[in-house]
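Asks: Need a 3D model of the following:
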Amino acid sequence: EGCHFVDFACWFMRALPGHVHASVPPSDGQLMVAQRFVVTLTFPGGSIATVLYGSESAPGVGKELVEAHSGGRSGRLDDYRRLELRGGGRRRTTRDRTGDKGHRSQFEAFRRALDGDSQTTPSALDTMAVTFAALESAQTLSTPRP
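Replies: Next up, the predicted model:
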């Protein structure tokens, strides 16, 4: 499930990261199905995305939270239903009851690709390679040191 958040970060940045780092707490389970982890993606130009994943939150708390900050402006997307934008002394909030997680735009991008339009965001295969790099990073860090 965490790969979707890596996809989102790459889509948002319209780039692939130059550096990938992941950390997973020690557990008895397999690393590939970890229920808690952190992935840090460093993009060209210095932007950093952090994916903090956990499955142990309280009932009633939104499942997904995205924050973006740059140049004195901030955006906060809560569960894909509430967007709060702040900057320049102003605050704007919008709500969407459908909670569309990008499905509509994915189909539109697919249609553009079929029509021969060039993509401006990394492909799903490229972002999957980023997810595998995160897994490799976590495996390297979780190997016991003598």
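
Asks: what's near enough to touch Thr42?
Replies: Counting by C-beta atoms under 8 Å, 6 or more residues apart in numbering, Thr42 touches 17-21, 48. All C-beta atoms are positioned from the backbone trio N, CA, C, and that covers glycine.

Asks: residue ranges for the helices of this structure, please.
Replies: 3-13, 103-114, 124-142 (DSSP state H).

Asks: Where among these is average confidence lowest?
Replies: Here the helices of the chain differ in mean pLDDT, and the lowest is helix 103-114 at a mean of 64.

Asks: From Gly2, how far out is Phe8?
Replies: 11 Å (C-beta to C-beta, to the nearest Å).

Asks: again, but for Phe12
Replies: Applying C-beta to C-beta to Phe12 and Gly2 gives a distance of 16 Å.

Asks: again with Gly46
Replies: Distance from Gly46 to Gly2, counting by C-beta to C-beta: 24 Å.

Asks: more crowded one of the two?
Replies: Gly2 (17 against 7; other C-beta atoms under 10 Å).

Asks: No more questions from me, cheers.
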